[in-house]
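Undergrad: 3D model of this:
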Amino acid sequence: MTDETKKNGTDEQIKETVLDLEAEMDAAAAEDIAEEAQPEPDPLEVLKAENEKQRDQLLRLAAEMENLRRRTARDVKDAKAYAVTAFARDMLGVSDNLRRALDAIPEDKRTEEIKGFIEGVEMTERSMLSGLERHGVKKIEAEGARFDPNIHQAMFEVPNPEIPANTVVQVVQAGYMIGERVLRPAMVGVSKGGPKPEAAQPADEAPKDE
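TA: Take a look at the predicted model:
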């Protein structure tokens with residue numbers, strides 16, 4: 001290879017390198033121009049967007065805190081209302097035993113000699129139930145009411161065609177509520193075979209006068 005050929009080859013390489021550099025510089029200049037051509041965001045709009053984002057976060061936090069406050073208040077209320085549940089259930093057992101003791105005394109044995117004893121037991125029973133009532137324990141008035149499986153426990157059925165079916169006709173053991181909860185369901189006897197409650201007639205089906 002001659003010196004002339006080497007020289008021409010070197011010149012070609014130099015030209016290609018220069019062209020590559022010029023192309024890279026043109027591309028970089030074009031990117032700079034494109035970046036400069038993009039409008040800068042409005043600072044006011046940026047602040048508004050940030051403010052809206054923080055406002056949304058504060059509203060969510062406030063809602064969560066309000067829900068937490070309500071749940072805590074409800075839990076505290078329930079704790080106060082139902083804290084004596086186990087104790088009240090035990091005291092009802094004592095009250096039942098006092099009532100059984102009174103019921104076990106035959107009428108012909110209720111003489112003047114034991115009258116004071118009977119009255120003392122009855123006063124003790126009333127005092128105990130009154131104390132439980134002050135703590136939210138109330139007796140379920142079951143007799144004569146329509147049977148409700150949520151607060152009554154049926155022990156037997158009493159055939160009586162004169163009383164509407166599913167009516168409580170006898171209370172075997174009194175039931176009690178504590179607040180809005182059943183402390184102990186009432187054990188009852190329920191009527192069977194009586195007439196069904198009459199449905200109200202529509203106004204347009206009222207009997208016509210003959």
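Undergrad: is residue 172 in contact with residue 185, as I believe?
TA: No: Residue 172 is beyond contact range of residue 185, at 11.1 Å (criterion: C-beta atoms under 8 Å). The way it works is simple: take the backbone N, C-alpha and C, and place the C-beta from them, glycine included.
Undergrad: neighbour count: the two, which is higher?
TA: residue 185 (19 against 12; other C-beta atoms under 10 Å).
Undergrad: list the contacts of that one.
TA: The contact partners of residue 185, by C-beta atoms under 8 Å, 6 or more residues apart in numbering, come to 140, 151-153, 175.
Undergrad: kindly recompute the last result at 10 Å.
TA: 140, 142, 148-154, 173, 175-177 (C-beta atoms under 10 Å, 6 or more residues apart in numbering).
Undergrad: is the closest residue in space to it that isn't next to it in sequence in a helix, a strand, or coil?
TA: Distance criterion C-beta to C-beta, 6 or more residues apart in numbering; nearest residue to residue 185, sequence neighbours excluded, is residue 153 at 4.4 Å. Secondary structure, DSSP: H, G, I helix; E, B strand; the rest coil: residue 153 is strand.
Undergrad: I'd guessed residue 153 sits against residue 174; true?
TA: No: counting by C-beta atoms under 10 Å, residue 153 stays clear of residue 174, with 11.6 Å between them.
Undergrad: when these two are compared, which one has more neighbours?
TA: A count of neighbours by other C-beta under 10 Å puts residue 174 above the other of residue 153 and residue 174, at 19 against 16.
Undergrad: hang on, that one packs against residue 151?
TA: No: with contact defined as C-beta under 10 Å, residue 174 does not count as touching residue 151 (11.4 Å).
Undergrad: who touches both of residue 153 and residue 174?
TA: 142, 184, 186-188.
Undergrad: distance check, residue 185 against residue 96.
TA: 14 Å (C-beta to C-beta, to the nearest Å).
Undergrad: brain fart, residue 102
TA: Residue 102 is 11 Å from residue 96, by C-beta to C-beta.
Undergrad: returning to that earlier point: pull out the buried residues from the contacts of residue 185.
TA: 140, 142, 151-153, 175-177 (16 or more other C-beta atoms under 10 Å).
Undergrad: now for those: which two are most distant?
TA: Using C-beta to C-beta, those reach their maximum pairwise distance at 153 and 177, which is 13.9 Å.
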